[in-house]
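**Q** got a sequence here, can you model it:
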Amino acid sequence: MRLIGAAERGMQLTVERALKRRAFGKLIAQHGSFLSDIAKCRIELEKTRLLVLEAADQLDHLGNKKARGTIAMAKVAAPNMALKVLDMAMQVHGAAGLSGDTVLAHLWATSRTLRIADGPDEVHLGTIAKLELRRAKL
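**A** The predicted structure is shown next:
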């Protein structure tokens, strides 16, 4: 959930910046590529939010063992989504996005650290694949 919050903050800062900053004679928010990128980031964020909600619901109702596949999916999806959204936010902010002038560099570094600390993606992907193969055998 922290990663979803970090991504939301990145989205907020991105939109605020895009509505104030001009590039090539128009607001960043008026550039077609920005519009496409912000929409894609919102979609990824909402998909991840639903996956995390599903994992939490399964934990509550089914327990750790039965929820482990969905938990593994969330552990892969959330940090990757957050890094993507925060990267775009940093791009929109230019050099300020990499500095201590905004919270973006800190959020990105924290998200990257969480991706490692929560276990390598390959381990989670292996869990997901094994469960999927086991399901197919039934």
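
**Q** the strands in the protein, which residues?
**A** For the chain, the strands defined by DSSP state E cover 22-23, 26-27.

**Q** tabulate those (CSV), appending mean pLDDT and distance to residue 120.
**A** Quick note: C-beta positions are derived from backbone N, CA and C, even for glycine. Formatted as CSV, these follow (pLDDT from 0 to 100; distance: least, Cβ to Cβ, whole Å):
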stretch, mean pLDDT, distance to residue 120
strand 22-23, 91, 38
strand 26-27, 94, 40
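
**Q** any chance of a markdown table for these, columns mean neighbour count?
**A** Converted to a markdown table, those look like this (neighbours: other Cβ atoms under 10 Å):
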| stretch | mean neighbour count |
| --- | --- |
| strand 22-23 | 12 |
| strand 26-27 | 12 |
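
**Q** which one of these lies closest to residue 133?
**A** Set against residue 133 and scored by Cβ to Cβ, these come closest in strand 22-23, at 48.4 Å.

**Q** now the closest one, how far from the centre of its chain.
**A** From the chain centre to the centre of strand 22-23 is a distance of 26 Å (Cα atoms, centre = their mean, to the nearest Å).
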